[in-house]
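S.K.: here is a sequence with its predicted model. Questions after.
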Amino acid sequence: MTSGSTQDVVVFLGPSLPAADAARLLQASYLPPVAQGDVYRAALARPWGIAIIDGYFERVPAVWHKEILWALSRGIHVFGAASMGALRAAELAPFGMVGVGEIFEAYRTGAWLDDDEVTVVHADAEHGYRSLSVAMADMRATLARAEAAGVAPPALCAQLVQLAKALYYPERTYPRLWAQARAAGIADAAIGALRDWTGAHAVQQKRADAQQLLHHVAALREARAAAPAPSFHFEHTDAFEQLVRAEQARGQDAALSQHAVLDELRLEPDAFRAVAERALSRVLAGQAASRYELQVDEAAYAARVEAYRREHGLLDAAATQAFLAEQALSRDRLAELLRADVLAERVGSALRDDVERAMLDVLKLDGSYARLARAAGDKQARLDRQGATAGMSDEALVHWYLERVAQRSRRGADPQRLLASLQFRDPYQLLAAARREYLYEQTKGDDV
């Protein structure tokens with residue numbers, strides 16, 4: 001173990017390397033994977049160095065470039081490797097952040113661009129942040145080593161890399177990769193030797209890079225190397241001052257845990273159930289989108305973004321920044337969520353028959369089916385006897401119908417967003433529903 005105080009180096013570590021193994025390489029203060037605001041708080045104590053290995057990508061806002069630049073401007077060494085650290089180091093190397101390892105080099109040179117090269121699903125702190133999936137970076141390294149060792153031919157390894165990359169990162173495991181290979185028509189005999197070899201020789205590139213970083217930091221600290229003078233002037237932007245104020249407030253009043261927020265929601269049981277059902281739908285839709293290899297339609301995504309901006313009054317940069325801060329969101333995370341919405345709608349279309357059957361089953365279980373069936377039957381019988389026509393254009397009829405439905409919504413809705421949520425199969429089904437409702441409204445006062 002190296003000498004030195006545990007407080008003069010702060011390391012943000014998670015699934016890349018067990019903390020007990022890391023502590024044997026470098027005496028330091030080990031903290032959970034980094035999130036937005038963590039580097040700012042660590043830098044307040046003026047440690048000799050900050051090392052970022054793991055960080056959060058989705059559940060909470062990611063560590064911000066600006067807070068790393070602030071740490072560098074204060075004469076603090078900032079290092080990165082293996083995962084989130086490699087990403088930020090590649091982006092901030094020109095400003096003095098030091099990157100270490102093969103993964104950092106792949107990002108620095110532009111060979112890799114996607115975050116999902118290093119993203120994994122992992123357990124919580126209680127279970128040591130154990131990885132539950134395999135990083136694409138590790139799979140690439142494993143297949144490259146297998147090719148170099150003559151275990152598998154180059155063409156097969158290249159095909160397996162493509163299949164692994166196509167997997168949604170939470171599902172990226174070796175058993176799933178072998179299953180994808182079989183589904184792609186690769187004979188089991190062709191991957192048998194590779195599968196057996198991988199069981200004993202799989203490369204853990206993130207772990208190796210994390211270890212290399214800790215050795216590097218230990219050597220520099222032993223020499224008490226001073227951080228180079230910053231090569232830039234740090235600008236105290238409005239956004240950075242918002243982060244400072246938020247962290248000051250956090251220091252005065254500890255931030256609410258995610259569990260506490262949900263406990264508040266539980267005091268509104270109807271709302272809790274509705275949110276839980278929406279959340280489950282999002283999870284299942286994401287899994288289905290991956291299974292069916294559905295892609296986001298960019299035009300639909302652009303329309304969703306515009307509708308969301310209007311719905312929440314995000315009409316300028318200041319309003320958007322304030323909203324993101326209040327909702328504990330980053331811009332990237334909001335974009336991911338809206339893309340997931342668009343994918344969920346595509347999943348709904350792909351599984352429409354199954355969903356509609358399930359909706360009828362839900363209505364029957366809830367005891368609502370009879371009421372709705374009576375209303376539908378009454379309307380159709382009335383219209384059959386009247387034989388009336390709407391007497392208005394299709395466009396006007398649809399507009400009337402959407403306005404009427406929006407009035408029954410608790411929150412109201414953007415017409416296009418509302419229309420998407422009603423999940424009509426095609427314009428003809430929409431027109432038929434609109435015409436039936438309009439004519440019913442016009443004739444329901446008549447004797448039948």
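M.R.: Perfect, I can see it now.
S.K.: residue ranges of the strands in this structure, please?
M.R.: Residue ranges of the strands in the chain, as given by DSSP state E, are 9-12, 29-31, 49-52, 77-81, 98-100.
S.K.: would you turn these into TSV with distance to residue 37 and mean neighbour count?
M.R.: No exception for glycine: its C-beta is placed from N, CA and C like everyone else's. Conversion of these to TSV gives the following (distance: least, CB to CB, whole Å; neighbours: other CB atoms under 10 Å):
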stretch	distance to residue 37	mean neighbour count
strand 9-12	12	26
strand 29-31	12	18
strand 49-52	13	28
strand 77-81	15	27
strand 98-100	22	24
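S.K.: report the rounded mean pLDDT for stretch 162-170.
M.R.: Predicted confidence along stretch 162-170 averages 92 (mean pLDDT).
S.K.: buried ones in it?
M.R.: By 16 or more other CB atoms under 10 Å, the buried positions in stretch 162-170 come out as 163-164, 167, 169.
S.K.: go ahead and confirm residue 68 touches residue 92.
M.R.: Yes. Checked against CB atoms under 8 Å, the pair residue 68 and residue 92 is within contact range at 5.8 Å.
S.K.: shared neighbours of the two, which are they?
M.R.: residue 78 (CB atoms under 8 Å, 6 or more residues apart in numbering).
S.K.: ok, back up a step: redo the strands of the chain as CSV? Include distance to residue 272.
M.R.: Converted to CSV, those look like this (distance: least, CB to CB, whole Å):
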stretch, distance to residue 272
strand 9-12, 33
strand 29-31, 32
strand 49-52, 36
strand 77-81, 40
strand 98-100, 44
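S.K.: need those strands in TSV (columns: distance to residue 140 and mean pLDDT).
M.R.: Converted to TSV, these look like this (distance: least, CB to CB, whole Å; pLDDT from 0 to 100):
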stretch	distance to residue 140	mean pLDDT
strand 9-12	24	95
strand 29-31	27	92
strand 49-52	22	96
strand 77-81	16	96
strand 98-100	18	96
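S.K.: now the helices: where do they sit in the stretch 51-200 of the chain?
M.R.: Shown for the stretch 51-200 of the chain, the helices assigned by DSSP state H, counting those that start in this stretch span residues 65-73, 84-92, 102-108, 136-148, 154-166, 174-183, 188-201.
S.K.: nearest to residue 36, out of those?
M.R.: Ranking the helices of the stretch 51-200 of the chain by their distance to residue 36 (criterion: CB to CB) puts helix 65-73 first, at 7.6 Å.
S.K.: residues of that closest one that come out buried?
M.R.: For helix 65-73, using 16+ other CB under 10 Å, the buried residues are 66-73.
S.K.: helices or strands up against that helix?
M.R.: Helices and strands touching helix 65-73, by 3 or more CB pairs under 8 Å, 6 or more residues apart in numbering; DSSP states H and E, are helix 38-44, strand 77-81, helix 84-92, helix 238-252.
S.K.: could you export these as CSV, including distance to residue 271?
M.R.: Compiled in CSV, these are given as follows (distance: least, CB to CB, whole Å):
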stretch, distance to residue 271
helix 38-44, 31
strand 77-81, 41
helix 84-92, 34
helix 238-252, 26
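S.K.: what sits closest to residue 321 if chain neighbours are left out?
M.R.: Distances taken as CB to CB, 6 or more residues apart in numbering place residue 239 nearest to residue 321, at 6.3 Å, with adjacent residues excluded.
S.K.: pretty sure the one you found contacts residue 66?
M.R.: Yes. At 7.0 Å, residue 239 counts as touching residue 66 under the criterion of CB under 8 Å.
S.K.: residue contacts, residue 146?
M.R.: Applying CB under 8 Å, 6+ apart, we find residue 146 in contact with 152, 157, 194, 197-198, 201.
S.K.: in ChimeraX, how would I select just the buried ones from those?
M.R.: To isolate the buried subset of these in ChimeraX, counting by 16+ other CB under 10 Å, use the following:
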select :152,157,194,197,198
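S.K.: which two from the contacts of residue 146 end up farthest apart in space?
M.R.: Largest separation among the contacts of residue 146 by CB to CB: 157 and 201, giving 13.7 Å.
S.K.: quick check: domain ranges of the chain?
M.R.: Domain assignment for the chain, taken from automatic domain parsing, gives 9-126+206-222, 136-201, 256-350, 377-443.
S.K.: closest to residue 361 out of those domains?
M.R.: Relative to residue 361, the nearest member of these by CB to CB is domain 256-350, separated by 14.6 Å.
S.K.: mean neighbour count, the helices of the stretch 51-200 of the chain: which tops it?
M.R.: Most buried of those, by mean neighbour count (mean count of other CB atoms under 10 Å): helix 84-92, with a mean of 25.
S.K.: other SSEs contacting it?
M.R.: By contact count (3+ CB pairs under 8 Å, 6+ apart), the secondary structure elements abutting helix 84-92 are strand 49-52, helix 65-73, strand 77-81, strand 98-100, helix 102-108.
S.K.: can you redo those as CSV with distance to residue 185?
M.R.: Rendered in CSV, the data for those read as follows (distance: least, CB to CB, whole Å):
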stretch, distance to residue 185
strand 49-52, 42
helix 65-73, 44
strand 77-81, 38
strand 98-100, 40
helix 102-108, 30
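S.K.: got any ranges where the stretch 51-200 of the chain has weak pLDDT?
M.R.: Counting by pLDDT under 70, the stretch 51-200 of the chain contains low-confidence ranges at 58-59.
S.K.: so where do the helices sit in the stretch 201-350 of the chain?
M.R.: 205-222, 238-252, 258-266, 269-291, 298-312, 317-326, 331-350.
S.K.: who wins for proximity to residue 43 among those helices?
M.R.: Checking the helices of the stretch 201-350 of the chain against residue 43 by CB to CB gives helix 238-252 as the closest, at 10.7 Å.
S.K.: and stretch 210-218, average pLDDT?
M.R.: Stretch 210-218 comes out with an average pLDDT of 96.
S.K.: would you mind writing the CA trace of that stretch as PDB?
M.R.: The C-alpha atoms that make up stretch 210-218 are tabulated as PDB, following Å, rounded to 0.1, in the frame of the first residue of the first chain:
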ATOM      1  CA  ALA A 210      -8.700   1.200 -13.400                       C
ATOM      2  CA  GLN A 211      -5.700  -0.600 -11.900                       C
ATOM      3  CA  GLN A 212      -3.300   1.200 -14.200                       C
ATOM      4  CA  LEU A 213      -4.800   4.600 -13.200                       C
ATOM      5  CA  LEU A 214      -4.300   3.800  -9.500                       C
ATOM      6  CA  HIS A 215      -0.700   2.800 -10.000                       C
ATOM      7  CA  HIS A 216      -0.200   6.100 -12.000                       C
ATOM      8  CA  VAL A 217      -1.700   8.200  -9.200                       C
ATOM      9  CA  ALA A 218       0.200   6.400  -6.500                       C
END
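S.K.: buried residues in that stretch?
M.R.: Neighbour counts using 16+ other CB under 10 Å place 210-214, 216-218 of stretch 210-218 among the buried residues.
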